[in-house]
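In: sharing a model that was predicted from the sequence below.
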Amino acid sequence: SQQGEEDPQALSIQEGENATMNCSYKTSINNLQWYRQNSGRGLVHLILIRSNEREKHSGRLRVTLDTSKKSSSLLITASRAADTASYFCATDATGANNLFFGTGTRLTVIP
Amino acid sequence: DAGITQSPRHKVTETGTPVTLRCHQTENHRYMYWYRQDPGHGLRLIHYSYGVKDTDKGEVSDGYSVSRSKTEDFLLTLESATSSQTSVYFCAISDATGGSGGELFFGEGSRLTVL
């Protein structure tokens, strides 16, 4: 079974608006990562947040982690058409070496 | 961009035929992974390797085998392809495990269609 599940499955916003997508997971983790995938391409790492961190920023990205609720959110501020992509969260399960990916949120930013 | 090359990028084959996908890296990363991506399922781990000749199964390993005889190459073999193995296959590499915060670098994918 998958470790992470993203919500919503699809999101459509206007350029300049903020986009928020959520990830829920099932077991304790050491860290959580977010990846982006443009259509027809491989995934690209965006940001990592460790289990002892609550919030992390990278450019227009803000990630939060609530280990008590087993959830994370990715906020993209001031979205651009180029942000159109699918976004995936990936978690390790404590004691495991691998990352487990969710089903992704497909973001469409309308110019 | 990380030096990861997948081949072939596209392949159409018939049920029952063997298929081998190749992943080649120039980064000298220790860990290599094969994932498959299907609509509604996200990415699922097939097999991974933590060193030359050291491999292990992932969550969807049935019908697949792997080999890693050199650091730079990780082969995924479908011994007898089935239509359920129609998918996009991604190779990924990392220099640390996911549990220790290793970032995965992905190839561009190999689209396999089994008729």
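Out: Ah, there it is.

In: from here on, just use CA atoms for contacts and neighbour counts.
Out: Fine.

In: state the mean pLDDT of stretch A:38-56.
Out: Throughout stretch A:38-56, pLDDT has a mean value of 95.

In: is chain B within reach of it?
Out: Yes. Stretch A:38-56 comes into contact with chain B (CA under 8 Å from any CA of the partner chain), by way of A:40, A:41, A:42, A:43, A:44, A:45, A:48, A:50.

In: what subset of the residues you listed is buried?
Out: Among those, those classed as buried by 16 or more other CA atoms under 10 Å in any protein chain shown are A:42, A:43, A:44, A:45, A:48, A:50.

In: ok, the third one - contacts?
Out: I take that to be residue A:44. Contacts for residue A:44 (CA atoms under 8 Å, 6 or more residues apart in numbering or on different chains) come out as A:35, A:36, A:37, B:104, B:105, B:106.

In: using a markdown table, lay out those together with neighbour count and secondary structure.
Out: Below are the contacts of residue A:44 laid out as a markdown table (neighbours: other CA atoms under 10 Å in any protein chain shown; DSSP: H, G, I helix; E, B strand; the rest coil):
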| residue | neighbour count | secondary structure |
| --- | --- | --- |
| A:35 | 20 | strand |
| A:36 | 22 | strand |
| A:37 | 18 | strand |
| B:104 | 24 | coil |
| B:105 | 22 | strand |
| B:106 | 26 | strand |
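
In: check these and tell me the two furthest apart.
Out: Of all pairs drawn from the contacts of residue A:44, the greatest distance, 12.8 Å, lies between A:37 and B:104 (CA to CA).

In: which stretches in chain B count as strands?
Out: Along chain B, the stretches classed as strands by DSSP state E are B:4-7, B:10-13, B:19-25, B:31-38, B:42-51, B:54-57, B:64-70, B:73-78, B:87-94, B:105-106, B:110-114.
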